[in-house]
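Colleague: A predicted structure for the sequence below; I have some questions about it.
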2 protein chains.
Amino acid sequence: MVEKSKPATLGDVARLAGVSIATASKALNGRAQVRDSTREKVMRSAEALAFVPNPLARGLLSGQTGTVGLLTSDLEGRFSIPIMMGAEDAFGAGSTSVFLCDARGDAIREQHQVRALLSRHVDGLIVVGARPDPRLPLAGEINVPVVYAYAPSEDPEDSSVTSDNVQGGRLAAEHLLSTGRRSIGIITGDRGYGAAHDRLAGALSALHDAGIEPVQDALFGSWSEGWGRGAARVLLEAHPDLDGLICGSDQVARGAMDALRELGREVPDDVAVIGHDNWEVLATNARPPLSTIDMNLQELGRRAAGMLFDAIGGSPTRGVEKLPCRLMVRGSTTPTS
Amino acid sequence: MVEKSKPATLGDVARLAGVSIATASKALNGRAQVRDSTREKVMRSAEALAFVPNPLARGLLSGQTGTVGLLTSDLEGRFSIPIMMGAEDAFGAGSTSVFLCDARGDAIREQHQVRALLSRHVDGLIVVGARPDPRLPLAGEINVPVVYAYAPSEDPEDSSVTSDNVQGGRLAAEHLLSTGRRSIGIITGDRGYGAAHDRLAGALSALHDAGIEPVQDALFGSWSEGWGRGAARVLLEAHPDLDGLICGSDQVARGAMDALRELGREVPDDVAVIGHDNWEVLATNARPPLSTIDMNLQELGRRAAGMLFDAIGGSPTRGVEKLPCRLMVRGSTTPTS
DNA sequence: CTGTTAGCGCCTTCAG
DNA sequence: CTGAAGGCGCTAACAG
């Protein structure tokens, strides 16, 4: 008998407080024209009835619903998840709820989802991509703010947040240099990924600044352990003096480390290895644990939420914002004490 | 000039069709008492204006909002994600939208989220757990149907779906037996996980049915590669004749395979290894690729959505439904041809 | 068959 | 300072 089935309405509160609905509304919304004692009374009644304003009714009037759509293209993917977490986190704190949609990488499906979301009158949209390459902006008339996360929009007028892969690549190279490595090889992933090229460019520029060239051109392949193993063998055969290895991803790095061990090289004493992504299950279970570059994905999600919030509030950010990566030092680059 | 800013309302449609709002409503909702020609006219007008009924207004009347809450306790976790995908998938097909909430394993936070969800008048809730052990049901008065996925509710009156770990464990053992292995060891994970015990029980019962005992008691430890490596060494030292190894998870299996290789054992020729989870990035990158047990998590999510849908429709399922696992055969148990 | 009349729960003028 | 009235977009009785 504490809680009845139907939640209390503003009318209930007003009745209990002995005022009109209008007055109750003003009191609860902090409007000025209400006597303090009255406001107090209304507040107490609301409390007593566990009154929560109905967002549907409120949204019907105001147009604002306090909801946003989170449109992802791959829930399988490892990258969208932390971003979603960050976004959900940032909104969850306030009074905004998040609609989740997975387009499965299908443009038609995406259209569909967007339509559904818009028909629910979301206040804004976050589009999180599967990989950091630019993507086509959402098609159709979108009459709410949109923020692209991870995969920036190709339209520079849109607002996007992504990871700074160039800076990340630089970070990796600088770290190896700082541990005294000079014969450095680079194994990256799929040539089709812009991220592969950006990370490489960053690494090369850092090496260049130190007056060093990699032992040979970077090896492109795929984002897999198998590729890492094979490439590391090739590289080591051509350059037995290799003492540092920059890998385009943690998977590649793990494969490379396995190959190095099997070829009798100690990590990090003979060769230091650094990865990219900070994919925990791979990095921490490696032997030794893998130093790597963390893209701060969760922060990226939070930032996307923040940008969307600002845009909803009327102050949109235009263009692509790149968030810096962070170095995670583990045993693969520094001898364990 | 094709699309104006404000979306069309039922009033607009009615005016264009030259009928009253009520008639337009009936026509669009397929109610019977409308002349066909009129219905036709209304339909066309709606089409022309790209009319989409406002779910807020509709929900205000009917109480049903066409939304459900998906409450997860760990977005990081590998297990919740496929479940969410399945659920999102099942709903996404229809006209239900999903609110995503991550409670971060914090009960207070969960309370909060539930309250927020209920205040938005969701039609139902799916609670997806981080691990397959039973959990406390949601606290407080929940006046909508709830389905627990992966982690079942402790209250048998609630509806839950989870993975059948006993059957999964049995499947693993039966597979090893079917490849002719007879000296079988078992390495599992954290003793605190019910799943570890269930999988073990299943494996033991299958071995027992075949008149076989494992080479020694199962080894409990943690769900990590490091543990898998260490345990495999111990096991092999004590039982050099080991020809089959059942691992409680893919991580454990990968560690074990590394150790086996380093001790000069060939997988699968000398020792066949099977894991559990089908964590693709680990299983497919192993050498050789790892045979394992797949929990059909996505299907589990779909099932949860289906159960919730039924419950919303008035036919709830009570109790815990266990979904069978599926064997994934790869190179670690069968010689590659 | 169609249109009118009431609301759903809330907020906002605008008179008292 | 307070309350009555109107309306957001839609559906469900009732009349016509």
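Modeller: Everything's here; your move. Bear in mind that the values here come from a model prediction, so they are computed numbers and not experimental data.
Colleague: ok, how many other residues are close to the residue nearest to A:Tyr150 when sequence neighbours are not counted?
Modeller: Nearest residue to A:Tyr150 in three dimensions, chain neighbours excluded: A:Gly129, at 4.8 Å (CB to CB, 6 or more residues apart in numbering or on different chains). (Each C-beta comes from the backbone N, C-alpha and C, glycine too.) Using other CB atoms under 10 Å in any protein chain shown, the number of residues around A:Gly129 comes to 25.
Colleague: so who does A:Gly129 touch?
Modeller: Taking CB atoms under 8 Å, 6 or more residues apart in numbering or on different chains, we find A:Gly129 in contact with A:73, A:80, A:135, A:148-152.
Colleague: by neighbours, which of those wins?
Modeller: Going by other CB under 10 Å, A:Ala149 tops the contacts of A:Gly129 with 32 neighbours.
Colleague: tell me how far that residue lies from chain B.
Modeller: A:Ala149 is 15 Å from chain B, where distance means CB to the nearest CB, to the nearest Å.
Colleague: what bridges to that residue?
Modeller: Here A:Ala149 shows beta-bridge partners A:Val128, A:Val161, assigned using DSSP bridges.
Colleague: would you convert the contacts of A:Gly129 into TSV that also reports distance to A:Gly86?
Modeller: Formatted as TSV, the contacts of A:Gly129 follow (distance: CB to CB, whole Å):
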residue	distance to A:Gly86
A:Ser73	17
A:Ser80	11
A:Arg135	19
A:Tyr148	14
A:Ala149	9
A:Tyr150	11
A:Ala151	15
A:Pro152	16
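Colleague: max pairwise distance over the residues you listed: which two?
Modeller: The two members of these with the most space between them (CB to CB) are A:Ser80 and A:Pro152, at 14.5 Å.
Colleague: ok, back up a step: what's the closest of the contacts of A:Gly129 to A:Thr179?
Modeller: For A:Thr179, the nearest member of the contacts of A:Gly129 is A:Tyr150. The distance, counting by CB to CB, is 30.2 Å.
Colleague: contacts only, for the closest one.
Modeller: A:79-80, A:83, A:128-132, A:161-163, A:297, A:300.
Colleague: go on, A:His175?
Modeller: Remark: with contacts taken as CB under 8 Å, 6+ apart, A:His175 is in contact with A:274, A:291, A:327, A:329, A:333.
Colleague: just the buried members of the residues you listed?
Modeller: Neighbour-count burial within these applies to A:274, A:291, A:327, A:333; the criterion is 16 or more other CB atoms under 10 Å in any protein chain shown.
Colleague: what bridges to the first one?
Modeller: Read it as A:Ile274. When A:Ile274 is checked against DSSP bridges, its beta-bridge partners turn out to be A:Ile246, A:Ser291.
Colleague: how close does it sit to A:Ile246?
Modeller: 6 Å (CB to CB, to the nearest Å).
Colleague: report the lowest-confidence entry in the contacts of A:Tyr150.
Modeller: In terms of pLDDT, A:Ser80 ranks lowest among the contacts of A:Tyr150, with 84.
Colleague: surely that residue touches A:Thr72?
Modeller: Yes - taking CB atoms under 8 Å as the contact criterion, A:Ser80 and A:Thr72 are neighbours in contact, 4.5 Å apart.
Colleague: report the distance from stretch A:150-158 to the chain centre.
Modeller: Averaging C-alpha coordinates over stretch A:150-158 and over its chain gives two centres that are 15 Å apart (CA atoms, centre = their mean, to the nearest Å).
Colleague: quote the end-to-end distance of it.
Modeller: According to CA to CA, to the nearest Å, stretch A:150-158 extends 13 Å from its N-terminal end residue to its C-terminal end residue.
Colleague: please apply the same query to stretch A:278-294.
Modeller: End-to-end span of stretch A:278-294 (CA to CA): 5 Å.
Colleague: would you mark the buried spots in it?
Modeller: Using 16+ other CB under 10 Å as the test for burial, stretch A:278-294 gives A:278-279, A:281-294.
Colleague: same check, this time on stretch A:124-138
Modeller: Neighbour count says stretch A:124-138 has A:124-135, A:137-138 buried, by 16+ other CB under 10 Å.
Colleague: hang on, the earlier thing: now for A:Ile274 and A:Ile246: what residues contact both?
Modeller: Counting by CB under 8 Å, 6+ apart, the residues touching both A:Ile274 and A:Ile246 are A:172, A:176.
Colleague: avg pLDDT for stretch A:310-320?
Modeller: Here the mean pLDDT over stretch A:310-320 is 93, rounded to a whole number.
Colleague: same question for stretch A:326-336.
Modeller: Across stretch A:326-336, the average pLDDT comes to 92.
Colleague: restricting to C-alpha, output the helix or strand bottoming out on mean pLDDT in chain A in CSV.
Modeller: Of the helices and strands making up chain A, the lowest-confidence element is helix A:80-93, at a mean of 86, by mean pLDDT, DSSP states H and E. This file holds the C-alpha atoms of helix A:80-93, laid out as CSV (Å, rounded to 0.1, in the frame of the first residue of the first chain):
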residue,chain,number,x,y,z
SER,A,80,32.6,1.3,-30.4
ILE,A,81,32.1,-0.2,-27.0
PRO,A,82,34.3,2.0,-24.8
ILE,A,83,33.1,5.0,-26.8
MET,A,84,29.5,4.1,-26.0
MET,A,85,30.4,3.7,-22.4
GLY,A,86,31.9,7.1,-22.3
ALA,A,87,28.9,8.6,-23.9
GLU,A,88,26.4,6.8,-21.8
ASP,A,89,28.5,7.8,-18.8
ALA,A,90,28.5,11.4,-19.7
PHE,A,91,24.7,11.5,-20.3
GLY,A,92,23.8,9.1,-17.6
ALA,A,93,25.0,11.5,-15.1
